[in-house]
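[1] Have a look at this prediction, sequence included:
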Amino acid sequence: MLKPAYPAQTELEMVTLEQLVPKDHLLRLLDQHIRFDFIREATQHLYCENNGRPAIDPVVLFKMLFIGYLFGIRSERRLVKEIEVNVAYRWFLGFRLTDKLIGGRVLYTDSTHLKANANKRHFEAHQVEQTPAAYLAELDAAIETDRAAAGKKPLKRDDDDSTPPMKEVKVSTVDPDAGFMARDNKPTGFFYLDHRTVDGVHALIVDTHVTPGNVHDSQPYLARLDRVMERFDLAVGAVGLDAGYFTPQVCKGILDRELFGVMGYKRPTHRDGYFYKRDYLYDAVQDCYRCPAGEVLPYRTTNRLGYREYASNPARCADCGVRGQCTQSRNHQKLVTRHLWEGFKEAINANRLSDLGKRLYARRKETVERSFADAKELHGHRYARFRGLAKVQAQCLLSAACQNMKKMALLLARKAAALLAKILGQALFAADFARYYLPMALHHENSRIRLVSA
Ligand code: SF4
């Protein structure tokens with residue numbers, strides 16, 4: 001008689017890992033005969049006693065590596081996936097069925113350019129529609145709220161018109177997907193950008209995303225960060241970025257996600273002989289700026305770019321002795337602007353100066369910058385080998401996969417060699433003990449027995 005299959009997947013069963021692992025499983029034998037506790041003692045000096053985040057037990061880390069070697073799992077990511085579903089591995093590591101495995105506490109992101117296979121003189125000028133940035137709707141709402149609070153009328157928006165905003169761009173006739181890059185201290189021409197995110201521990205690459213060379217680093221950042229966190233289910237606590245990402249929307253996005261962000265500092269552009277912006281002090285209580293001559297610059301309006309404008313009184317400025325260092329405006333009025341999300345930038349900037357911020361930022365050059373340096377030196381990452389965005393994306397993914405595999409193999413080999421040396425050291429001690437001390441001890445014991453019998 002045939003019975004319909006009973007769906008057992010969602011049934012609750014009361015079992016322990018101990019019951020699920022076969023009695024003769026290799027990992028049971030290893031656990032029974034080898035004590036791994038010495039790893040904890042041997043690595044104790046590498047951990048701070050009273051500071052920092054709680055670390056993963058080094059015994060567990062080593063055991064994970066042994067599982068990889070014992071069962072021929074060559075990829076660390078694959079290893080983690082296997083541990084997620086294998087009850088024997090979980091039993092060996094001391095994990096519960098529902099424990100998560102990866103930390104991924106600190107992520108570093110940066111971009112590098114790959115020269116497109118396209119001559120920079122072969123292009124056509126095209127009018128293209130400007131794609132609104134993802135954060136613009138949020139910023140527009142914030143602008144309208146701010147203007148309404150200040151009693152200002154709503155702004156007339158471009159999208160009220162039927163024609164979308166356009167801009168002129170250079171499009172390569174050879175590789176139209178590449179973007180014309182014109183950045184400070186960078187080569188000019190058609191390029192692609194590889195936006196890469198690496199983990200803070202071993203600089204394993206967790207994301208690589210290619211855009212045309214004329215896309216600003218900050219544009220894809222938050223979406224890629226969300227993707228990495230969701231895809232690998234990482235409990236990210238901090239991110240490290242260079243100064244190119246120091247924009248109001250990225251700072252706000254990081255703080256909205258409750259992350260500790262640390263970014264590089266870029267000196268603001270400044271005209272010689274003029275005051276710096278920092279010479280104008282913001283008074284958050286009065287919501288005004290105070291100029292170097294002590295005059296108050298009250299709030300005037302909030303513009304459509306999201307900047308609040310603070311303007312001086314021209315009558316006061318006309319007689320000011322330091323006006324030559326302050327403004328060149330014909331009506332003698334000084335204007336200072338402050339972005340609606342400036343507070344987020346200030347909070348992120350304060351992180352940079354903290355002890356933790358300094359430590360995290362210093363690690364950036366050892367992780368993501370090193371990752372790009374290796375890619376360029378060893379994996380042909382200076383040039384796009386193909387034409388077209390999809391093919392260059394494939395090139396960057398392959399390069400990242402090779403770098404990760406190499407790093408995993410080296411790490412695992414180094415750690416396994418260190419452990420093997422330790423085990424061999426113990427084995428040699430055991431051999432010495434068996435060869436020299438055991439006969440002596442037995443001889444001594446036999447003599448004692450003979451004396452007692454006599
Ligand atoms: S010109 Fe006006 S705003 Fe500038 S320092 Fe003098 S008083 Fe202040």
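    Structure's in. What do you need?
[2] In contact with Arg323, which residues?
    Residues counted as contacts of Arg323 (Cβ atoms under 8 Å, 6 or more residues apart in numbering) are 317, 332. Just so you know, the C-beta spots here come from the backbone N, C-alpha and C atoms, and that holds for glycine as well.
[3] Equivalent analysis for Asn117, please.
    174-175, 383-387.
[4] Tell me how many other residues crowd the closest residue in space to Pro268 that isn't next to it in sequence.
    Leaving aside its chain neighbours, Pro268 sits nearest to Lys277 (6.2 Å; criterion: Cβ to Cβ, 6 or more residues apart in numbering). For Lys277, the neighbour count with other Cβ atoms under 10 Å is 14.
[5] Can you check what pLDDT the model gives Lys277?
    Looking at Lys277, its pLDDT reads 92.
[6] measure it to Lys334 for me?
    11 Å (Cβ to Cβ, to the nearest Å).
[7] got it, and Ser218?
    29 Å.
[8] Run through who's touching the helix or strand harbouring Leu222.
    For Leu222, the host element (DSSP states H and E) is helix 218-231. Here helix 218-231 makes contact (Cβ under 8 Å, 6+ apart) with 107, 109, 133-135, 195, 197, 206-207, 209, 211, 234, 236, 239, 241, 244-245, 247, 249-250, 253, 257.
[9] show me where the stretch 351-454 of the chain has helices.
    Secondary structure of the stretch 351-454 of the chain (DSSP state H, counting those that start in this stretch): helices located at 355-362, 364-378, 389-432, 438-453.
[10] my bad, the stretch 151-300 of the chain
    Under DSSP H, counting those that start in this stretch, the stretch 151-300 of the chain gives helices at 218-231, 248-256.
[11] Pick the most buried one from the ones you listed.
    helix 248-256 (a mean of 22; mean count of other Cβ atoms under 10 Å).
[12] the inter-axis angle of that helix versus helix 218-231?
    20 degrees (axes from the mean of the first three to the mean of the last three Cα atoms, to 10 degrees).
[13] which secondary structure elements does helix 248-256 contact?
    Helices and strands touching helix 248-256, by 3 or more Cβ pairs under 8 Å, 6 or more residues apart in numbering; DSSP states H and E, are helix 218-231, strand 260-263, helix 342-353.
[14] Now render the ones you listed as CSV, adding distance to Tyr289 and mean pLDDT.
    Below are these laid out as CSV (distance: least, Cβ to Cβ, whole Å; pLDDT from 0 to 100):
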stretch, distance to Tyr289, mean pLDDT
helix 218-231, 26, 92
strand 260-263, 24, 94
helix 342-353, 12, 93
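[15] got these as CSV, with distance to Thr367 columns?
    CSV is the format used below for the helices and strands packed on helix 248-256 (distance: least, Cβ to Cβ, whole Å):
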stretch, distance to Thr367
helix 218-231, 14
strand 260-263, 13
helix 342-353, 17
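[16] Let's have these in JSON lines, adding distance to the ligand.
    JSON lines is the format used below for those (distance: least, Cβ to the nearest ligand atom, whole Å):
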{"stretch": "helix 218-231", "distance to the ligand": "31"}
{"stretch": "strand 260-263", "distance to the ligand": "30"}
{"stretch": "helix 342-353", "distance to the ligand": "19"}
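[17] count of residues packed around the residue in the stretch 101-250 of the chain that the ligand sits nearest to?
    Closest residue of the stretch 101-250 of the chain to the ligand, Cβ to the nearest ligand atom: Ala150 (21.2 Å). Ala150: 13 surrounding residues under other Cβ under 10 Å.
[18] Quick check: it touching Glu309?
    No: using Cβ atoms under 8 Å, Ala150 is not in contact with Glu309, being 10.9 Å away.
[19] any common contacting residues for these two?
    299, 301-302.
[20] who wins for most neighbours among those residues?
    Neighbour counts for these, by other Cβ under 10 Å, peak at Thr302, which reaches 25 neighbours.
[21] Next, it: phi, psi?
    phi -120, psi 120 (degrees, to the nearest 10).
[22] Quick check: it touching Glu309?
    Yes: contact criterion Cβ under 8 Å: Thr302 and Glu309 qualify, at 7.3 Å.
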